[in-house]
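>>> with the sequence up front, the predicted model follows.
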Amino acid sequence: MKVAKNFETELASVTEFWSPKVVSQVNDQYIKVAKLKGELAWHKHDNEDELFQVVKGRLVIQFEDGDVELGEGEFCVVPKGVMHNPVAKDECWIVLIETVTTKHTGDVETPLTKTIEQQLASDKLPFSGYLFA
């Protein structure tokens with residue numbers, strides 16, 4: 001069964017900042033949405049790259065060698081093993097693409113850290129069909 005989804009519609013149901021929500025899966029990659037405000041934590045993912053795409057607002061991803069600023073429609077891939085810290089001065093809506101093994105805050109644990117079980121909590125699972133929009 002093919003299912004059309006819309007990132008803004010999915011993001012409208014997110015009520016907590018820094019709490020990614022899995023909305024679909026492509027092979028071994030989760031498609032997640034999240035609302036951000038403030039900063040998360042300096043961390044890295046030893047074995048996984050991750051993609052951040054801004055849907056609404058602005059996001060700065062801090063790296064040890066300089067920052068990357070993202071506006072609406074822009075994305076950045078953070079390579080595995082690279083220290084980074086996402087920061088959103090104002091509310092920002094994003095899409096994340098990460099392997100199913102990616103831990104939320106990588107190699108650190110913070111009060112904001114969400115388990116994969118928390119990220120999967122949804123009445124829309126299991127996944128079926130294709131992701132459109």
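Thanks, I have it.

>>> which residue ranges of this protein form strands?
Counting by DSSP state E, residue ranges of the strands within the chain are 21-26, 29-39, 50-56, 59-63, 66-70, 75-78, 84-99.

>>> list the contacts of the longest one.
Yep, that's strand 84-99 we're talking about. Defining contact as Cβ atoms under 8 Å, 6 or more residues apart in numbering, one finds that strand 84-99 is touched by 7-8, 11, 17, 20, 28-45, 48, 50-63, 78. (C-beta placed from N, C-alpha, C; glycine too.)

>>> just the CA trace of it, in CSV.
Extracted as CSV, the C-alpha positions of strand 84-99 are listed here (Å, rounded to 0.1, in the frame of the first residue of the first chain):
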residue,chain,number,x,y,z
HIS,A,84,28.8,18.5,16.5
ASN,A,85,26.1,20.4,18.4
PRO,A,86,22.8,21.5,16.8
VAL,A,87,21.6,24.9,17.9
ALA,A,88,18.4,26.7,17.1
LYS,A,89,18.0,30.2,18.5
ASP,A,90,14.3,30.1,17.6
GLU,A,91,11.9,27.2,17.0
CYS,A,92,13.2,25.1,14.0
TRP,A,93,11.5,22.2,12.3
ILE,A,94,13.8,19.5,10.8
VAL,A,95,13.9,16.2,9.1
LEU,A,96,16.6,13.7,10.1
ILE,A,97,17.8,10.7,8.1
GLU,A,98,19.7,8.3,10.3
THR,A,99,20.5,4.6,10.3
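
>>> what residue ranges in the protein score low on pLDDT?
In the predicted model of the chain, residues 1, 121-133 satisfy pLDDT under 70.

>>> surely residue 58 touches residue 71?
Yes - proximity of residue 58 to residue 71 meets the contact threshold set by Cβ atoms under 8 Å, at 5.6 Å.

>>> neighbour-wise, which of the two wins?
Taking other Cβ atoms under 10 Å, residue 58 and residue 71 do not tie; residue 58 has more neighbours (16 against 11).

>>> any idea what the most centrally placed residue in the chain is bridged to?
If you average the C-alpha coordinates of the chain and look for the closest C-alpha using Cα atoms, centre = their mean, you land on residue 96, 3.2 Å from that point. Using DSSP bridges, the bridge partners assigned to residue 96 are residue 32, residue 52.
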